[in-house]
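K.L.:
A predicted structure for the sequence below; I have some questions about it.
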Amino acid sequence: MEIRIEDMAFSYASDPVLDGIRLDIRGAQFVSILGPNGVGKSTLIHCINKILDPTAGKVFLDGKSVKDYSLKEMAKEVGYVPYASSDTFPLSVVDTILLGRHPHAGWKTSDEDLEIVYDTMTQLGIEDLAMRPFNELSAGQHQKVMLARGLVQRPKVLLLDEPTSNLDIKHQLGISRLLKHLSHEQGILVIMISHDLNIASKYSDSIILMHEGTIFSVGTPLQVLTRENIRTVYGVDSDIIDDGGRPHLVLKDLECDECRPMPDGSVCTSDL
């Protein structure tokens, strides 16, 4: 699958959000979209999956304009896991995940659909939740179920809006590792919005760094996550530590009394 974006812009009424977006992402890989709040990360993926219609420019999936896809065709090609779901119906977990099979199977559930659902739940370690009401789950369980619903679509592209935001550290690592594995082993183009620069650096094949509604930098973690880029985009200073060939960022807070330079030139730092 290839995603190509040509000179795309988007505005809410007269308020511009994205401008001059040009992007070309090809093949099965794990891509992270990074950037401060309000730079248009969610708007970008909503323009890719047809939730929003760009004000200008075009988005192509495998050379075909997104505008030419029907919603059902789009659902077969692109899976989407939102930041939070508004689903409040007391469906069981298995029925909630089965909704992801609708683009392929309609309203009739087959044995293959059930097998895909239970395989996916086992992969995510949530098979014990199968008959639990979805609206009674914890935030972390809720997030895993939504991820499962996206995965059972068996999409060529999987878009995720902060999929690890409600998870503890162990499960953040586990989900990120799983997404990287899925991209490589199942040939899926996985694109994840994240605010955790170090998790993105550790697992991503490519990083898209956004700034003020534009694409500021695209490349490998080493190419994108530099001191200069972090200072420009986030307005903070950082140190970069080599972590097995990938950058690990350590934040400097020079406005904190305890973090001001010491006589020996050292400063107190904390992980991003």
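P.N.:
Right, received. Where do you want to start? Numbering: from 1, shown residues only.

K.L.:
domain assignment for the chain?
P.N.:
2-225, 236-272 (automatic domain parsing).

K.L.:
Check the offset of the first one from the chain's centre.
P.N.:
When you say that, I think you mean domain 2-225. From the chain centre to the centre of domain 2-225 is a distance of 5 Å (CA atoms, centre = their mean, to the nearest Å).

K.L.:
The stretch 1-150 of the chain: strands as residue ranges?
P.N.:
Ranges of strands within the stretch 1-150 of the chain are 2-12, 15-26, 30-34, 56-61, 64-65, 78-81, based on DSSP state E, counting those that start in this stretch.

K.L.:
Pick the most buried one from those.
P.N.:
For these, average neighbour numbers computed from mean count of other CB atoms under 10 Å are highest in strand 30-34, which has a mean of 25. The C-beta positions use only the backbone N, C-alpha and C, and glycine is treated the same way.

K.L.:
That one pairs with which strands, parallel or anti?
P.N.:
As defined by DSSP bridges, the strand partners of strand 30-34 come to strand 189-193 (parallel), strand 206-211 (parallel).

K.L.:
follow-up on the earlier one: weakest of the domains of the chain by average pLDDT?
P.N.:
Averaged per stretch, pLDDT over the domains of the chain is lowest on domain 236-272, reaching a mean of 74.

K.L.:
The residue most central in space within the chain: what's it in contact with?
P.N.:
Here the mean C-alpha position of the chain is nearest to the C-alpha of residue 192 (CA atoms, centre = their mean), at a distance of 1.5 Å. Residue 192 makes contact with 30, 31, 32, 33, 159, 160, 162, 163, 179, 200, 204 under the criterion CB atoms under 8 Å, 6 or more residues apart in numbering.

K.L.:
circling back to that earlier point, nearest to residue 241, of the strands of the stretch 1-150 of the chain?
P.N.:
Proximity to residue 241 (CB to CB) singles out strand 30-34 among the strands of the stretch 1-150 of the chain, at 17.9 Å.

K.L.:
Residues contacting the closest one, please?
P.N.:
25, 41, 44-45, 179-180, 183-184, 189-195, 197, 200, 203-210, 224.

K.L.:
mind listing the helices for the stretch 101-250 of the chain?
P.N.:
For the stretch 101-250 of the chain, helices defined by DSSP state H, counting those that start in this stretch occupy the ranges 102-105, 111-124, 139-151, 169-185, 197-203, 221-224, 227-234.

K.L.:
returning to that earlier point: tabulate the strands paired with strand 30-34 in JSON lines, adding columns for distance to residue 111.
P.N.:
Listed next are the strands paired with strand 30-34 as JSON lines, based on distance: least, CB to CB, whole Å:
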{"stretch": "strand 189-193", "distance to residue 111": "28"}
{"stretch": "strand 206-211", "distance to residue 111": "38"}
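
K.L.:
Give me whichever of these is most buried.
P.N.:
strand 189-193 (a mean of 25).

K.L.:
related to what we said a few turns ago, okay if I get the helices of the stretch 101-250 of the chain as CSV plus distance to residue 91 and mean neighbour count?
P.N.:
Listed next are those as CSV, based on distance: least, CB to CB, whole Å; neighbours: other CB atoms under 10 Å:
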stretch, distance to residue 91, mean neighbour count
helix 102-105, 13, 16
helix 111-124, 13, 16
helix 139-151, 10, 21
helix 169-185, 22, 16
helix 197-203, 31, 22
helix 221-224, 39, 19
helix 227-234, 40, 16
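
K.L.:
Out of those, which is closest to residue 242?
P.N.:
helix 221-224 (9.3 Å).

K.L.:
what's the closest one packed up against?
P.N.:
strand 206-211, strand 214-219, strand 246-252 (3 or more CB pairs under 8 Å, 6 or more residues apart in numbering; DSSP states H and E).

K.L.:
mind listing what's buried in the second one?
P.N.:
For strand 214-219, burial by neighbour count (16 or more other CB atoms under 10 Å) applies to 215, 216, 217, 218.

K.L.:
Check the last one too.
P.N.:
Neighbour counts over strand 246-252 (16+ other CB under 10 Å) mark 246, 247, 248, 249, 251, 252 as buried.

K.L.:
Point out the other helices and strands that that strand packs with.
P.N.:
Using 3+ CB pairs under 8 Å, 6+ apart, strand 246-252 sits against helix 197-203, helix 221-224, strand 237-243, strand 269-271.
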